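Participant: No sequence on hand, only this structure:
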């Protein structure tokens with residue numbers, strides 16, 4: 001009889017515990033970004049509210065981290081070495097899945113508000129990204145190539161972190177601004193929001209963002225994919241023609 005009475009209590013307990021957890025209600029200023037010939041970049045506003053059980057905010061202020069991730073892409077990293085005075089490709093490493101874009105904004109430096117293990121699980125921070133090498137090898141060498149991938153992405157403006165990029169008002173409302181570069185890869189992006197308390201993620205929510213080419217750029221992109229050889233020959237012919245025209249103009253000016 002005692003076991004029969006305990007079973008319903010054990011079943012209801014997890015539900016009660018889940019009901020006591022806060023929830024996030026996030027949104028983004030743009031769900032669709034169209035890339036046209038005049039596109040010079042965009043700024044996304046991520047905002048939302050924290051819903052607490054019973055409407056009572058905790059005595060300890062919450063922390064928020066927001067992450068925008070681009071679609072994964074394969075990456076081949078080559079290392080150059082100088083041999084006999086000539087720079088050549090000496091070694092390389094391939095990765096199956098690397099985020100094409102990664103931007104993190106947090107209310108405080110991410111290392112001070114989240115536990116290291118939690119940061120790795122949720123990939124909070126560029127150093128915690130879990131890249132997927134195509135083949136195993138020496139860990140030290142793999143780490144060196146990973147640092148090379150991250151460095152290239154940083155310099156291109158595709159990876160960034162903002163330690164104080166999230167503003168929280170009265171412990172309930174939050175907002176963050178993240179810049180999208182002009183040459184951003186197209187595809188489906190995710191805007192992830194994490195509520196952090198005592199070093200742990202206690203709530204999370206995700207919104208999708210679509211970045212796509214529009215107008216003439218979209219037509220050229222689709223046509224080049226369907227007719228790659230013709231597009232390549234046309235590009236070469238156009239380059240040669242423009243070079244010839246520039247040469248003719250230069251000769252006439254010298255005369």
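Facilitator: Thanks, I have it. Predicted model only: the values in this text are computed from it and were never measured. Numbering: from 1, shown residues only.

Participant: Now the longest helix along the chain: buried residues?
Facilitator: If you go by DSSP state H, the chain has its longest helix at helix 228-254. Going by neighbour count (16 or more other C-beta atoms under 10 Å), nothing in helix 228-254 comes out as buried. C-beta coordinates here come from the backbone N, C-alpha and C atoms, glycine included.

Participant: cool, and stretch 154-162?
Facilitator: Buried residues in stretch 154-162, counted by 16+ other C-beta under 10 Å: 157-162.

Participant: hang on, isn't residue 145 packed against residue 77?
Facilitator: Yes: applying C-beta atoms under 8 Å, one finds residue 145 in contact with residue 77, separated by 5.2 Å.

Participant: got any residues that touch both of the two?
Facilitator: Common contacts of residue 145 and residue 77 (C-beta atoms under 8 Å, 6 or more residues apart in numbering): residue 93.

Participant: any chance you could map the strands in the chain?
Facilitator: Using DSSP state E, the strands of the chain run over residues 23-28, 32-35, 42-51, 63-69, 72-83, 86-99, 102-106, 132-133, 159-162, 166-169, 173-180, 187-197, 200-213.

Participant: Minimum distance to residue 118: which of those has it?
Facilitator: With C-beta to C-beta as the measure, strand 200-213 is the member of the strands of the chain nearest residue 118 (5.9 Å).

Participant: what angle sits between that closest one and strand 63-69?
Facilitator: Relative orientation of strand 200-213 versus strand 63-69 (axes from the mean of the first three to the mean of the last three C-alpha atoms, to 10 degrees): 30 degrees.

Participant: buried sites along strand 200-213?
Facilitator: Applying 16+ other C-beta under 10 Å to strand 200-213 flags 201, 203, 207, 209, 211, 213 as buried.

Participant: what's near enough to touch the last one?
Facilitator: Residue 213 makes contact with 34-36, 186, 221, according to C-beta under 8 Å, 6+ apart.

Participant: what do you get for the second one?
Facilitator: Taking C-beta under 8 Å, 6+ apart as the contact definition, residue 203 lies against 21-24, 50, 194-195.

Participant: Reformat those as a markdown table; add neighbour count.
Facilitator: Formatted as a markdown table, the contacts of residue 203 follow (neighbours: other C-beta atoms under 10 Å):
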| residue | neighbour count |
| --- | --- |
| 21 | 13 |
| 22 | 15 |
| 23 | 15 |
| 24 | 18 |
| 50 | 22 |
| 194 | 23 |
| 195 | 21 |
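
Participant: quick check, nearest of the residues you listed to residue 111?
Facilitator: residue 194 (14.4 Å).

Participant: which two of the buried residues of stretch 154-162 lie the greatest distance from each other?
Facilitator: Taking C-beta to C-beta, no two of the buried residues of stretch 154-162 sit farther apart than 158 and 162, at 14.6 Å.

Participant: Domains in this structure, by residue range?
Facilitator: Taking automatic domain parsing as the reference, the chain has its domains at 2-213, 214-255.

Participant: which of the ones you listed sits most buried?
Facilitator: Mean neighbour count (mean count of other C-beta atoms under 10 Å) peaks for domain 2-213 among these, with a mean of 15.

Participant: Now that one: average pLDDT?
Facilitator: Here domain 2-213 scores 85 as its mean pLDDT.

Participant: Return the distance of it from the chain's centre.
Facilitator: 6 Å (C-alpha atoms, centre = their mean, to the nearest Å).
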